[in-house]
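[1] Predicted model and sequence follow; I will ask about them next.
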Amino acid sequence: MDKNKFRILNYFSIIMLGLIVLLPVAVMAAETPLMSLDAAKSAIEQAQRAGAEQQALEDLSAAKSWLALAEKAFTAANSVMAMISTSKTKKAKEEEVIYLATMAKIKALTAEAIAKKFTTAAKLKDTMKDLSDYQSAIVVMKDKQQQAEMAKEVQAKAEAERKHLGESQRVAEEIEAQKRKELLEAQRKTAELEVLKQREIQEARLKELEREKEAAQAKLKDEQMSAQRAKEVMEIKAGEEKLSAEKMKLAAMQTKLQVLEQEKAMLTAAGKIPKVTARAEDKKIVMTILAIHLFTSANDLSPAGKEILDSVAIFLKTYPNNKVVARGHTDSQGKAAANQALSEKRAQKVREYLVAYQNISPNRITAEGVGSAQPAATNASEAGRALNRRVELTVLIGE
């Protein structure tokens, strides 16, 4: 898990480094000073929302300092003296504003990347703790099951001891009866002179008393044995019911643990696909692909986009039992109806390619569009709108 965590953070750092190196050149070539200032402000706000004030205060402060210098240069470039400057001087001042605003944006993106890096690490740490808790619970359940088995063994030994005691009591009663018989015989010999009839009466009376005593003892013993057996049956039944409940609880926890393990493996595999950003949600993995990486200007799949979907298909074939939803998104530019139709078209293009060229079952994957209703970033800047023009592949887990 630590290796995967380190690998994900490294990928994120490499992507942000590429943006930092290439962004100034692209921005200076296309943006005006005012656009650069707006983009820098938007980047700083996004970094603050990502928690940069707690995790990357130094870079956030540097971004604000660069922005202040850019605003100051912009004010100077639009002053009365600047208005009468030569076109070459004016262009140089505009380039200075764009450069300073771009540096502010780069520092803000760096601060945002650092904050998101710490947030991702915290989420991974929480996931590891949950897994550890489930494993501990499983160990506890196994211990309880072992204790129940030991209790059964103790009950069996107690039953054997009770039987042995009953046998000992029976032998003792036989010895006692034998001694009593010998005593009566001695009395009979000492009373030879008594009348034969009296002796017979006495012997008959003694035998009758003996039978009554034995009958009473046998009845009492039977009642005691019956009560003991009923008590043992109830105890065994209660133990079996408790053990059954514990087994059901253990099975549920094992199922949840398997789902978490699958989600962890799927998130790791999805994160390795080029140009794909993966995140885990409740019982689902969401893979985001920007439209610029998938489609041409005519909204047809580009060769690079097909290569990305080929890698996505390999991932989906690795997990063939999971349903998939392809969902298209747009920015807020243009009419809502046109955006809705465009988002549906993009989602359908992705589905058709996966079904027709990668043999993904058509019953497994569905396509839908949501237009601009679910933005991933602000639509106030081009950078934010580019993030909103995307296709998300949601892979369901545990269904």
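    It's in.

[2] Please look at Ser343 and Pro375 and confirm they touch.
    No: contact criterion C-beta atoms under 8 Å: Ser343 and Pro375 do not qualify, at 11.9 Å. To be clear about C-beta, it is placed using only N, CA and C from the backbone, and glycine gets the same treatment.

[3] Give me the more crowded residue out of the two.
    Between Ser343 and Pro375, Ser343 has the larger neighbour count (other C-beta atoms under 10 Å), namely 26 against 16.

[4] what's the pLDDT at that one?
    Ser343 is assigned a pLDDT of 97 by the prediction.

[5] pull the CA atoms of the helix or strand where it lies into PDB?
    For Ser343, the element it lies in under DSSP states H and E is helix 336-358. Extracted in PDB, the C-alpha atoms of helix 336-358 (Å, rounded to 0.1, in the frame of the first residue of the first chain):
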ATOM      1  CA  ALA A 336     -28.000  24.300 -22.600                       C
ATOM      2  CA  ALA A 337     -29.700  22.200 -25.200                       C
ATOM      3  CA  ALA A 338     -26.600  22.200 -27.500                       C
ATOM      4  CA  ASN A 339     -24.400  21.300 -24.500                       C
ATOM      5  CA  GLN A 340     -26.700  18.400 -23.500                       C
ATOM      6  CA  ALA A 341     -26.600  17.000 -27.100                       C
ATOM      7  CA  LEU A 342     -22.800  17.400 -27.200                       C
ATOM      8  CA  SER A 343     -22.300  15.600 -23.900                       C
ATOM      9  CA  GLU A 344     -24.500  12.700 -25.000                       C
ATOM     10  CA  LYS A 345     -22.700  12.500 -28.300                       C
ATOM     11  CA  ARG A 346     -19.300  12.300 -26.600                       C
ATOM     12  CA  ALA A 347     -20.400   9.600 -24.100                       C
ATOM     13  CA  GLN A 348     -22.000   7.600 -26.900                       C
ATOM     14  CA  LYS A 349     -18.700   7.800 -29.000                       C
ATOM     15  CA  VAL A 350     -16.700   6.400 -26.100                       C
ATOM     16  CA  ARG A 351     -19.300   3.600 -25.600                       C
ATOM     17  CA  GLU A 352     -19.500   2.700 -29.300                       C
ATOM     18  CA  TYR A 353     -15.700   2.400 -29.500                       C
ATOM     19  CA  LEU A 354     -15.400   0.200 -26.500                       C
ATOM     20  CA  VAL A 355     -18.200  -2.100 -27.700                       C
ATOM     21  CA  ALA A 356     -17.300  -2.200 -31.400                       C
ATOM     22  CA  TYR A 357     -13.500  -2.300 -31.300                       C
ATOM     23  CA  GLN A 358     -12.700  -3.700 -27.900                       C
END
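
[6] Going toward the C-terminus from that helix, what's the next helix or strand?
    Following helix 336-358 toward the C-terminus (DSSP H and E): strand 365-369.

[7] can you pull the alpha-carbon coordinates of the next helix or strand along the chain from that next one into PDB?
    Following strand 365-369 in sequence order, the next helix or strand is helix 382-388 (DSSP H and E). Provided in PDB are the C-alpha atoms of helix 382-388 (Å, rounded to 0.1, in the frame of the first residue of the first chain):
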ATOM      1  CA  GLU A 382     -10.500  28.800 -19.900                       C
ATOM      2  CA  ALA A 383      -8.400  26.500 -17.700                       C
ATOM      3  CA  GLY A 384     -11.500  25.700 -15.700                       C
ATOM      4  CA  ARG A 385     -13.700  25.200 -18.800                       C
ATOM      5  CA  ALA A 386     -11.100  22.800 -20.200                       C
ATOM      6  CA  LEU A 387     -11.400  20.700 -17.000                       C
ATOM      7  CA  ASN A 388     -15.200  20.700 -17.400                       C
END
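
[8] What average pLDDT does helix 382-388 get?
    Rounded mean pLDDT across helix 382-388 is 96.

[9] If you count contacts, what does it end up packed against?
    Helices and strands touching helix 382-388, by 3 or more C-beta pairs under 8 Å, 6 or more residues apart in numbering; DSSP states H and E, are helix 33-49.

[10] cutoff 10 Å now
    helix 2-30, helix 33-49, strand 284-290, helix 291-294 (3 or more C-beta pairs under 10 Å, 6 or more residues apart in numbering; DSSP states H and E).

[11] wait, Ala338 sits on Gly369?
    No: using C-beta atoms under 10 Å as the test, Ala338 is too far from Gly369 to be in contact (11.2 Å).

[12] okay, and the common contacts of the two?
    Jointly contacting Ala338 and Gly369 under the rule C-beta atoms under 10 Å, 6 or more residues apart in numbering are Thr330.

[13] got a list of what Pro396 touches?
    Careful, residue 396 is Leu and not Pro. Here Leu396 is in contact with 283-285, 321-325 (C-beta under 10 Å, 6+ apart).

[14] and with 6 Å instead?
    284, 322-323 (C-beta atoms under 6 Å, 6 or more residues apart in numbering).

[15] Not counting sequence-adjacent ones, nearest residue to Ala280?
    Sequence neighbours aside, Leu267 is the residue nearest to Ala280 in space, at 4.9 Å (criterion: C-beta to C-beta, 6 or more residues apart in numbering).

[16] Leu316 versus that neighbour, what's the distance?
    Counting by C-beta to C-beta, to the nearest Å, the gap from Leu267 to Leu316 is 14 Å.

[17] One more: Phe295?
    20 Å.

[18] quick one on the thing from earlier: quick one, which of Ala338 and Gly369 is more surrounded?
    Gly369 (21 against 12).

[19] so the more buried one makes contact with Ser343?
    Yes: using C-beta atoms under 6 Å, Gly369 makes contact with Ser343 at a distance of 3.1 Å.
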